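> Just need the structure, nothing else, for what follows:
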Amino acid sequence: RLTVGGRTPACGMNKVASTRLRKEYKAFWQDPPEFVKAHPLESDMLDWRFTIQGPPGSPFEGGEYMGKLKFPEQYPFKPPAIFMLTPNGRFETDRRLCLSMSDYHPESWCPAWSVATIVKGVLSFMLENEQTTGAIVTSDEKKRELAKASHAWNSAHKDYKILFATAPAMDGTKAAAAAPEPSAPAAAVGSAGAAQAPVGDAAGTSASGAVQ
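Got it, this is the predicted structure:
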């Protein structure tokens, strides 16, 4: 059984979405992407939190930023809503982001994309200067200031404390302690993580140099 914080998430949802997200959760922690983490809430498999560690050499270096993914019951055939929660200087907080892999643009969504490609795509777009709905413009100095303040903000947020506070440092280390304990998934519906998700406003922007 898949556990989060020692408990099993409730799964009153579409079976296809549940099966797919459980498979993605297991795959995510079998080979954790660098700089990012993701967990579903223990009460709702469709409601996820993720964190991004600011990469070295960027204005976000030293910061840690929590975001939210709200998956529809029709996942993986429809995309999630994407939000950033921790103040960061790149995105408005708790506002739906207009990205080509978000529910703003279902026409550009690819069912082969996964939680891992979504969160890596958010990181990639965060490091670019492209503008879209939900993006803001601030100085590098402001971003560095918010990076320093991010840890105090996160430590006061209950979701962060439950899901991430005791996790290993996000430095690319694939520690066994970070892995969840999901049961063997049912037959896959679609393929998870088969493509790198483009980001940006599908009307004409996309991020380059996506984090691999």
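> what's the nearest residue to Leu46 if we skip its chain neighbours?
Closest residue to Leu46 apart from its sequence neighbours, by CB to CB, 6 or more residues apart in numbering: Phe71 at 4.3 Å. From N, CA and C alone the C-beta is placed, and that goes for glycine too.
> Local confidence estimate at the one you found?
Note on Phe71: pLDDT of 98.
> check contacts around the residue with the largest distance to the centre of the chain.
No residue in the chain sits farther from the centre than Glu141, which is 25.0 Å out by CA atoms, centre = their mean. Neighbour list for Glu141: empty [criterion: CB atoms under 8 Å, 6 or more residues apart in numbering].
> top strand in this protein by residue count?
Longest strand of the chain, by residue count under DSSP state E: strand 44-53.
> I'd like the distance between Gln53 and Val36.
According to CB to CB, to the nearest Å, Gln53 and Val36 sit 7 Å apart.
> let me fix that: Trp113
Using CB to CB, Trp113 is found at 14 Å from Val36.
> tally of neighbours for the closest residue to His151 other than its chain neighbours?
Of all residues not flanking His151 in the chain, Glu64 sits nearest, at 6.2 Å (CB to CB, 6+ apart). Glu64 has 23 neighbours, counted by other CB atoms under 10 Å.
> Could you check the pLDDT of Glu64?
Confidence score, pLDDT, at Glu64: 99.
> and stretch 119-129, which residues are buried?
For stretch 119-129, burial by neighbour count (16 or more other CB atoms under 10 Å) applies to Val119, Lys120, Gly121, Val122, Leu123, Ser124, Phe125, Met126, Leu127, Glu128.
> want to throw those residues into TSV with pLDDT?
Output for these, formatted as TSV (pLDDT from 0 to 100):
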residue	pLDDT
Val119	98
Lys120	97
Gly121	97
Val122	98
Leu123	98
Ser124	97
Phe125	97
Met126	98
Leu127	98
Glu128	95
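> Output whatever helix or strand comes next after the longest strand of the chain as CSV, nothing but the C-alphas.
Next helix or strand after strand 44-53 toward the C-terminus (DSSP states H and E): strand 64-70. Extracted in CSV, the C-alpha atoms of strand 64-70 (Å, rounded to 0.1, in the frame of the first residue of the first chain):
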residue,chain,number,x,y,z
GLU,A,64,13.3,26.0,-1.5
TYR,A,65,9.9,26.6,-3.0
MET,A,66,6.7,24.6,-2.5
GLY,A,67,4.0,24.4,-5.2
LYS,A,68,0.7,22.6,-5.7
LEU,A,69,-0.6,20.3,-8.5
LYS,A,70,-4.4,19.7,-8.6
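> counting contacts, what elements does strand 64-70 pack onto?
strand 44-53, strand 81-84, helix 115-126, helix 140-155 (3 or more CB pairs under 8 Å, 6 or more residues apart in numbering; DSSP states H and E).
> picking that back up, given the longest strand of the chain, what are its sheet partners and their directions?
strand 36-41 (antiparallel), strand 64-70 (antiparallel) (DSSP bridges).
> Output these as a markdown table; include the columns distance to Ser108.
As requested, these are exported to a markdown table (distance: least, CB to CB, whole Å):
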| stretch | distance to Ser108 |
| --- | --- |
| strand 36-41 | 21 |
| strand 64-70 | 17 |
